[in-house]
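>>> Got a predicted structure plus its sequence, pasted below:
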Amino acid sequence: MNSIGHWVNGQVVSGTSGRSGVIWNPATGEQAAAVDLATAAEVDDVVAVAKAAFPAWRSTNLSRRAEVMFHLRELIDANRKEIASLVSAEHGKVLGDALGEVARGLENVEFACGIPNLLKGGYSEQASTGIDVYSIKQPLGVVAGITPFNFPSMVPMWMFANALACGNTFVLKPSEKDPSASMFLAELLKQAGLPDGCFNVVNGDKEAVDALLANPDVQAVSFVGSTPIARYIYETGTKNGKRVQALGGAKNHMLVLPDADLDMAADACVSAGYGSAGERCMAISVVLAADSIADELVGKIKDRIPSIKVGPASEEGNEMGPLITGEHRDKVAGYVAGAEGEGATLVVDGRRGPPEHGFFLNPSLIDNAKPGMKVYDDEIFGPVLSVTRVAGYAEGLALINDNPFGNGTAIFTRDGGAARQFQFDVQVGMVGVNVPIPVPVSYYSFGGWKASLFGDTHMYGPDGVNFYTRSKVVTSRWPDPSTSTIDLGFPQSR
Ligand code: NAD
């Protein structure tokens, strides 16, 4: 049995806890590997390694830090397939989808290549007579990232690219369900020239997370995962004096107005509802269909479902893979089983006929879902799309704004005025106008509102740079200096 250890100080080390977690092959339902789960003492040792690496890395000039990111960019680009295969093997998502997540993660490395420009501060000459004032951004020290199972390569890249480029050292605690992509990225960072100790991966569960939250040398924590854990991470981390950004779960609604192109809307519902088996925090899980077009839209979604190819990532042509574990598959199936008892209409039952082995479910479609029903209220995180019928824009908007989550949303319409009003009114962090999965590009920032994010800064992009730096303002006055020397060499920074 393949056993996955930790990545510490530039090499793989085996765990010493004697505890391990199961890594499944979700497409077969068999155990594929075991992962060592760290003790608090092991976590403290890793943090000490990252702390020791910090002084030299923060002193490394910007040009050299950018160079490491450029090298990393090339290495990830050259290894897209390898990374995607690791993701598919442990997560189950099909290869095309896994390649998509690698591409969206890579964007963040590309953004971090511009770090010399991103860390520029402001300068005010002659703020007072003979006095200049300027601001600088400095790294925090050791920062930690705790990531979910559903984007095993992209979400770590959201975090570590900017964190490292800003001059921090990093400890990543990936999901214990699919840690191999993180271990591989660690190897690529080493090949890219990142000094040992600057990036470390500690595998583990709650014990490792709690140790990171308690360790006084961890200055900041970036978290992505479910809402209850995000809230816990935020409350515990901030209580311990850390800077924390904790992104939580979602229940994303897509409002379809009567003037929308219904074929386009149905395509979008199917793509965003069932892609990655619904295991995306930006998946559409509720379609708010205006009454006058609801029957037609439900019919069009229903007609499209039989053509979705469900099966293992290893077979070319499949579009939707299994769920992450048997336990999660059963939980999702439970929502489908309970839908009719709650008063909803089960239009397509995805429990029927999925591939026999592995943790598969077929897509389910539920009509007449309403607030108060579990299928409507809970984040299901599976291939289950619910339709809620609304009188029109106002009722749809009210449902979205009443929802405790506020991660993503979309409106489908041909009315520019309605879309503009929606963008203005809606209390959600990421909004799509005829775009069902509006994940911001890397030079914006990613984050929801309400129970989808705890903290003040969104992730990656400009907010990421702010999160991973502290600003300092210098007020300076100099007597007339005569400090110049002669140097005929061409000026260079390294
Ligand atoms: P999860 O909350 O179970 O786990 C996330 C991380 O927290 C993992 O590393 C895990 O080891 C750790 N963890 C789990 N239980 C813990 C505990 N009791 N104490 C301390 N740490 C703990 O989430 P998941 O199932 O891996 O991922 C799916 C969830 O993540 C969904 O809710 C999804 O919406 C959310 N998600 C959100 C975003 C976003 O950007 N908002 C992105 C991706 C996923």
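Yep, that arrived.

>>> Contact residues of the stretch 51-200 of the chain facing the ligand?
146-151, 173, 175-176 (Cβ under 6 Å from any ligand atom). (Glycine included, C-beta is placed from N, CA and C.)

>>> Where strands are concerned, which of the residues you listed count?
Counted as lying in strands by DSSP state E, out of those, are 146, 173.

>>> Closest one of the residues of the stretch 51-200 of the chain next to the ligand to the ligand?
residue 148 (3.1 Å; Cβ to the nearest ligand atom).

>>> Neighbours of the closest residue to that closest one other than its chain neighbours, how many?
Nearest residue to residue 148, sequence neighbours excluded (Cβ to Cβ, 6 or more residues apart in numbering): residue 225, at 4.4 Å. A total of 22 residues lie near residue 225 under the criterion other Cβ atoms under 10 Å.

>>> Quick check: residue 225 touching residue 150?
No: in this structure, residue 225 is not within contact of residue 150 by Cβ atoms under 8 Å, at 9.2 Å.

>>> quick one on the thing from earlier: for the residues of the stretch 51-200 of the chain next to the ligand, please prepare CSV with the additional fields pLDDT and neighbour count.
Output for those, formatted as CSV (pLDDT from 0 to 100; neighbours: other Cβ atoms under 10 Å):
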residue, pLDDT, neighbour count
146, 99, 26
147, 99, 27
148, 98, 22
149, 98, 20
150, 98, 24
151, 98, 27
173, 99, 28
175, 98, 26
176, 98, 21
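
>>> returning to that earlier point: for the residue nearest to residue 148, grab phi and psi.
phi 170, psi -150 (degrees, to the nearest 10).

>>> Let me know the pLDDT of it.
For residue 225, the model assigns a pLDDT of 98.

>>> after the biggest helix by length in the chain, next one along is what?
Counting residues, the longest helix in the chain under DSSP state H turns out to be helix 40-59. The helix or strand immediately downstream of helix 40-59 is helix 62-78, counting by DSSP states H and E.

>>> Buried residues, that next one. List them.
Of all the residues in helix 62-78, those buried under the rule 16 or more other Cβ atoms under 10 Å are 62, 65-69, 71-73, 75-76.

>>> which residues does the residue nearest to residue 148 contact?
146-148, 233, 246-249 (Cβ atoms under 8 Å, 6 or more residues apart in numbering).

>>> and what of residue 121?
Applying Cβ under 8 Å, 6+ apart, the residues contacting residue 121 are 134-137, 471.

>>> Make JSON lines out of these and add neighbour count, pLDDT and distance to residue 221.
Formatted as JSON lines, those follow (neighbours: other Cβ atoms under 10 Å; pLDDT from 0 to 100; distance: Cβ to Cβ, whole Å):
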{"residue": "134", "neighbour count": "15", "pLDDT": "97", "distance to residue 221": "30"}
{"residue": "135", "neighbour count": "13", "pLDDT": "98", "distance to residue 221": "25"}
{"residue": "136", "neighbour count": "15", "pLDDT": "97", "distance to residue 221": "24"}
{"residue": "137", "neighbour count": "17", "pLDDT": "98", "distance to residue 221": "19"}
{"residue": "471", "neighbour count": "11", "pLDDT": "97", "distance to residue 221": "20"}
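
>>> now, among these, which is nearest to the ligand?
For the contacts of residue 121, the nearest to the ligand is residue 137 (24.3 Å; Cβ to the nearest ligand atom).

>>> Surely that closest one and residue 469 touch.
Yes: counting by Cβ under 8 Å, residue 137 touches residue 469, with 3.9 Å between them.

>>> Overlap in contacts, these two.
With Cβ under 8 Å, 6+ apart as the test, residue 137 and residue 469 both reach 119, 166.

>>> The residue nearest to residue 194 when sequence neighbours are not counted and residue 257: what is the separation?
Distance criterion Cβ to Cβ, 6+ apart; nearest residue to residue 194, sequence neighbours excluded, is residue 68 at 5.3 Å. Look at residue 68 and residue 257: by Cβ to Cβ, to the nearest Å, they are 48 Å apart.

>>> need the residues of the stretch 251-400 of the chain near the ligand, please.
281, 379, 381.

>>> Quickly find the element holding the residue nearest the centre of the chain.
By Cα atoms, centre = their mean, the chain has its centre lying nearest to residue 155, at 3.8 Å. Here residue 155 sits within helix 154-165, counting by DSSP H and E.

>>> could you give the mean pLDDT of stretch 296-311?
For stretch 296-311, mean pLDDT rounds to 98.

>>> what's the closest of the buried residues of helix 62-78 to the ligand?
For the buried residues of helix 62-78, the nearest to the ligand is residue 76 (19.7 Å; Cβ to the nearest ligand atom).

>>> mind listing what that closest one touches?
Counting by Cβ under 8 Å, 6+ apart, residue 76 has contacts 83, 102, 105-106, 109, 185, 188.

>>> Is it correct that residue 89 is in contact with residue 322?
No: with contact defined as Cβ under 8 Å, residue 89 and residue 322 do not form a contacting pair (11.7 Å).

>>> other SSEs contacting the longest helix of the chain?
strand 6-8, strand 131-139, strand 142-146, strand 169-173, strand 199-201, helix 206-214 (3 or more Cβ pairs under 8 Å, 6 or more residues apart in numbering; DSSP states H and E).

>>> Reformat those as TSV; add distance to residue 386.
Shown next, in TSV, are the helices and strands packed on helix 40-59 (distance: least, Cβ to Cβ, whole Å):
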stretch	distance to residue 386
strand 6-8	41
strand 131-139	44
strand 142-146	30
strand 169-173	33
strand 199-201	37
helix 206-214	31
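
>>> closest one to residue 412 among those?
strand 142-146 (34.5 Å; Cβ to Cβ).

>>> where's the closest one relative to the chain centroid, distance-wise?
Relative to its parent chain, strand 142-146 has a centroid offset of 14 Å by Cα atoms, centre = their mean, to the nearest Å.

>>> same question, stretch 98-109
Worked out by Cα atoms, centre = their mean, stretch 98-109 lies 11 Å from the chain centre.

>>> Contacts for that stretch next, please.
69, 72-73, 76-77, 80-81, 83-85, 87-88, 91, 93, 151, 153-158, 161-162, 313, 439, 441-442, 460, 464.

>>> ditto for stretch 34-46
Looking at what lies outside stretch 34-46 - Cβ under 8 Å, 6+ apart - the contacts are 1-6, 8, 14-17, 19-23, 171, 176, 179, 200, 202-205, 207-208, 210-212, 214-215.

>>> re earlier: could I get the pLDDT score of the residue nearest to residue 194?
98.

>>> Quick check: it touching residue 190?
No: using Cβ under 8 Å, residue 68 makes no contact with residue 190, being 10.3 Å away.

>>> Tell me who's in contact with residue 185.
With Cβ under 8 Å, 6+ apart, residue 185 has these contacts: 76, 83, 153, 156-157, 160.

>>> that's a helix at it, yeah?
Yes: Residue 185: assigned to a helix according to DSSP: H, G, I helix; E, B strand; the rest coil.

>>> where does it sit relative to residue 54, distance-wise?
20 Å.

>>> how about the helices in the stretch 251-400 of the chain?
262-274, 291-304, 326-339, 374-377, 393-402 (DSSP state H, counting those that start in this stretch).

>>> from those helices, which stretch is densest packed?
Highest mean neighbour count of the helices of the stretch 251-400 of the chain: helix 262-274, a mean of 21 (counted as mean count of other Cβ atoms under 10 Å).

>>> out of the residues of the stretch 51-200 of the chain next to the ligand, which one sits closest to residue 329?
Distances from residue 329 to these, taken by Cβ to Cβ, are shortest for residue 149, at 13.5 Å.
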